[in-house]
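Q: with the sequence up front, the predicted model follows.
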Amino acid sequence: MKETGIVTDIRGEMAVVKVERLLTTGGGCCVNVTTVESVFLETRNLCQANIGDHVRVESDYDKVKFRNLVQIGLCFAAFIISLGIGDTLLPRLGVSTYKGPLSFGLGMVMAIAAFGIIRWANKKNPSDIPIAYELAALPAQFPMEPAASL
């Protein structure tokens, strides 16, 4: 997906770009509401843009959606596996009275740990970060000339 935005901050090799997106939401039974939302993207600054420059940003949202789906799936799998481990391991340790809540707690801890590990790995290998790849030459906005009177 290619978008055009304005650079608001430079952080080393990265640039923060403000992009405006149209969001369409359901406003009720027969009404759709369209709003403009400003989104800030942290992008790789390949075009060496400065603050205030207009840039074109490209990102692969299919990869991001897939990565998020895998992240949620792994956290859910860690939760379910930890429930099973807690359900079988806790009675062997002599804690059979509270095995349900303790298994749930163990599952939550393991899901949070899996989420943290995945986030750490994603930050260590930022291959899907959007790229500011070129400066955008936006057309100049000229004021309307007054109409000539006859």
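A: Yep, that arrived.
Q: output the longest helix belonging to this protein.
A: When every helix of the chain is counted residue by residue (DSSP state H), the longest turns out to be helix 61-92.
Q: give me the mean pLDDT for it.
A: Averaged across helix 61-92, pLDDT comes to 84.
Q: list the buried residues of it.
A: 71, 75, 78, 79, 82, 83, 86, 87, 90 (16 or more other C-beta atoms under 10 Å). C-betas here are computed from N, CA, C, even on glycine.
Q: can you check stretch 37-49 too?
A: For stretch 37-49, the neighbour count (16+ other C-beta under 10 Å) marks 41, 43, 45, 47, 49 as buried.
Q: how much space separates residue 7 from residue 45?
A: As for residue 7, its distance to residue 45 is 8 Å (criterion: C-beta to C-beta, to the nearest Å).
Q: just residue 117 next, same as before
A: Counting by C-beta to C-beta, the gap from residue 117 to residue 45 is 29 Å.
Q: cool, and residue 86?
A: Using C-beta to C-beta, residue 86 is found at 47 Å from residue 45.
Q: equivalent analysis for residue 90, please.
A: From residue 90 over to residue 45 the distance is 52 Å, taken as C-beta to C-beta.
Q: what does residue 97 give?
A: As judged by C-beta to C-beta, residue 97 and residue 45 stand 58 Å apart.
Q: would you mind listing the buried residues in the helix or strand hosting residue 103?
A: The secondary structure element spanning residue 103 is helix 99-124 (assigned by DSSP states H and E). Of the residues in helix 99-124, those buried under the neighbour-count criterion (16+ other C-beta under 10 Å) are 99, 102, 103, 106, 107, 110, 111, 114, 118.
Q: show me what contacts the closest residue to the third one other than its chain neighbours?
A: Spelled out, that is residue 103. Taking C-beta to C-beta, 6 or more residues apart in numbering, and ignoring the residues beside it in sequence, residue 103 has residue 86 as its nearest neighbour in space, at 3.1 Å. Contact analysis of residue 86 by C-beta atoms under 8 Å, 6 or more residues apart in numbering lists 99, 102, 103, 104, 106, 107.
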